[in-house]
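J.: Sequence plus predicted model, see below.
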Amino acid sequence: MTVSPHQELTRPTPMGGQVQHYDWTYQGQTVTIAYETLGTGPTVLLLPAFSTVSTRAELAQIAQVLASQFRVIALDWLGFGDSERPAFTYERPLYQTLLKDFVQNCCPEPAGILAAGHGAGYALHLAQSQLPQKQISTRLLLVAPTWKGPLRAMGAPSWLASGLRNLVGLPLVGSALYGANTHPAFLKWMYQRHVFVDQARLTPAFIQQRHRITQQPGARFAPAAFVTAALDPMRDRTEWLQIATAVTADPNNSVRVILADQAPPQSKAEMQALSELPGIQSDHLPGSLGLYEEYGAEVGAIALAHFQA
């Protein structure tokens with residue numbers, strides 16, 4: 001893997017920071033990853049949740065709170081947000097490698113990592129892998145952490161998930177399936193069921209803005225992998241708890257979990273199981289899987305206290 005010199009862009013962003021990119025080479029192919037920096041001080045890395053509409057902009061309120069005391073770096077995962085969206089085979093090892101390389105080359109020795117949704121599982125893997133070398137801080141804040149993709153949470157068999165993922169990769173059928181699942185009406189329905197509690201936030205302008213995120217070239221590949229469990233950071237609950245236990249076993253580490261009180265039952269059960277491990281601190285906030293955005297100011301206040309401690 002190689003990383004190019006960072007390049008700063010100047011267009012305005014919801015976070016109000018400086019957009020940069022670096023070229024990352026994976027298995028012989030070089031792709032462009034977008035990220036944004038704001039503030040000064042010790043570095044805190046922000047990792048968005050995976051979703052069809054995943055973007056670092058969902059963490060803007062949190063970033064702005066933290067930027068009062070920290071240098072904040074917010075990443076767009078490959079295949080999401082403003083990062084490139086190639087027709088890769090999107091799987092867990094790709095993102096594990098991407099995160100490891102990004103931290104080593106662009107965000108060495110962060111003071112903390114805030115990770116939402118599936119990003120939490122990748123942050124835990126990174127912390128576990130770096131424990132022997134003590135190369136990074138393991139002061140983690142995991143916000144509405146999840147490890148099951150939508151189809152796995154619904155109990156769909158692996159053969160069905162794999163078949164759907166392959167269908168979405170086809171030129172015509174795949175585009176039609178993806179179009180149906182990113183139609184503004186479907187996006188609003190998803191937000192109502194699993195993401196936001198305050199329905200008044202789901203204005204036509206808001207839904208249209210999220211719909212635009214889904215319409216970039218190559219946009220269907222990574223979200224299809226997420227929905228069909230190919231990006232799940234853990235294989236099962238046992239791994240979920242074992243890795244977290246390994247990270248918290250060192251008394252110098254600090255892990256905090258923010259639980260979403262109105263999350264879907266399966267997701268909430270996994271958050272609860274994680275929060276009950278010895279050595280993990282926890283907070284509760286109203287909201288569902290998108291509480292990192294809907295309650296961004298409240299999450300930011302918890303994050304600021306956690307990373308300053």
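T.: Arrived safely.

J.: now the strands for this protein?
T.: 7-9, 18-26, 29-38, 43-47, 71-75, 112-116, 139-143, 254-260, 280-285 (DSSP state E).

J.: ok, and which of those has the densest surroundings?
T.: Ranked by mean neighbour count, the strands of the chain are led by strand 112-116 with a mean of 29 (mean count of other CB atoms under 10 Å). Bear in mind the C-beta positions are built from the backbone N, C-alpha and C, glycine included.

J.: Partner strands of it and their direction?
T.: According to DSSP bridges, strand 112-116 has the following sheet partners: strand 43-47 (parallel), strand 139-143 (parallel).

J.: now those in JSON lines, with distance to L289 and mean pLDDT?
T.: Converted to JSON lines, the strands paired with strand 112-116 look like this (distance: least, CB to CB, whole Å; pLDDT from 0 to 100):
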{"stretch": "strand 43-47", "distance to L289": "15", "mean pLDDT": "97"}
{"stretch": "strand 139-143", "distance to L289": "10", "mean pLDDT": "97"}
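
J.: Of these, which is nearest T25?
T.: Of all those, it is strand 43-47 that lies closest to T25, at 21.0 Å by CB to CB.

J.: between the strands paired with strand 112-116, which one is nearest to I258?
T.: strand 139-143 (4.8 Å).

J.: Show me the contact partners of that closest one.
T.: For strand 139-143, contacts defined as CB atoms under 8 Å, 6 or more residues apart in numbering pick out 111-117, 120, 123-124, 127, 247, 253-258, 274, 291-292, 299, 302-303, 306-307.

J.: for stretch 286-293, same thing?
T.: For stretch 286-293, contacts defined as CB under 8 Å, 6+ apart pick out 49, 58-59, 61-62, 116-117, 143-144, 146, 191, 194-197, 258, 260-264, 267, 285, 294-295, 299.

J.: Restricting to C-alpha, output that stretch in CSV.
T.: The C-alpha trace of stretch 286-293 is given here as CSV (Å, rounded to 0.1, in the frame of the first residue of the first chain):
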residue,chain,number,x,y,z
PRO,A,286,-32.5,9.1,22.9
GLY,A,287,-32.5,8.3,19.2
SER,A,288,-31.9,5.4,16.9
LEU,A,289,-29.1,4.3,14.7
GLY,A,290,-28.5,7.8,13.4
LEU,A,291,-28.2,9.4,16.9
TYR,A,292,-24.6,10.6,16.0
GLU,A,293,-26.2,13.1,13.6
